[in-house]
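Participant: With the sequence up front, the predicted model follows.
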Amino acid sequence: MEVILLQDINKLGQKDDIVVVKNGYANNFLIPKGYAVAATVSAKKMHSENLKQRAHKEEKIKANAQETATRMEGVSLVLGAKTSSSGKIFGSVNTIQIAEALKEKGFDIDRRNITLPEDQIKEVGKYKAVVRLHREVRVDIDFEIVAE
């Protein structure tokens, strides 16, 4: 079933994307929660008209995201974590800690827009995170985990 997304949904698509999902997922979750609407012919026409009207605003948002991306290019973070003598971290490093470190550097990024290379980082070392600023603008951020 084709649906038009009304907001960003992780691992499915961005707002205003037309995606194909299973009928049960659309009818039982996306549509009742208000995350999507069915992509009927009339809904697609309205959707395309709305996209045309928003194109100018979207260009400004993309330009701002591109500017932020160029400022973030050289940023590298150093995060401290409590570790054992073998270099294993007690707990793990997650996107919240990276978002806080970016905020200290002057970038207000939502933690949901940060993707880590592995599910959990549990050792001291250097890693890369991907920050999604816009649907077409992504930045790789280098960060290092050091023992406190």
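Facilitator: Structure's in. What do you need? Numbering: from 1, shown residues only.
Participant: So the residue nearest to the spatial centre of the chain versus Ala43, what's the distance?
Facilitator: The structure's the chain has its C-alpha centroid closest to Asn113; by C-alpha atoms, centre = their mean the separation is 2.4 Å. Separation of Asn113 from Ala43 (C-beta to C-beta, to the nearest Å) stands at 28 Å. Where you see a C-beta, it was placed from the backbone N, CA and C, and this is true even at glycine.
Participant: Is the residue nearest to the centre of the chain in contact with Val131, as I believe?
Facilitator: Yes - using C-beta atoms under 8 Å, Asn113 makes contact with Val131 at a distance of 6.1 Å.
Participant: Am I right that Leu51 is in a helix?
Facilitator: Yes - per DSSP: H, G, I helix; E, B strand; the rest coil, Leu51 lies within a helix segment.
Participant: Nearest residue to it in space, please, no chain neighbours.
Facilitator: Distance criterion C-beta to C-beta, 6 or more residues apart in numbering; nearest residue to Leu51, sequence neighbours excluded, is Asp16 at 6.3 Å.
Participant: That neighbour: what secondary structure?
Facilitator: Following three-state DSSP, we place Asp16 in the coil state.
Participant: mind listing what it touches?
Facilitator: Taking C-beta atoms under 8 Å, 6 or more residues apart in numbering as the contact definition, Asp16 lies against Ile4, Leu5, His47, Asn50, Leu51.
Participant: Next, the contact list for the residue nearest to the centre of the chain, please.
Facilitator: Contacts for Asn113 were tallied using C-beta under 8 Å, 6+ apart; they are Val131, Arg132, Leu133.
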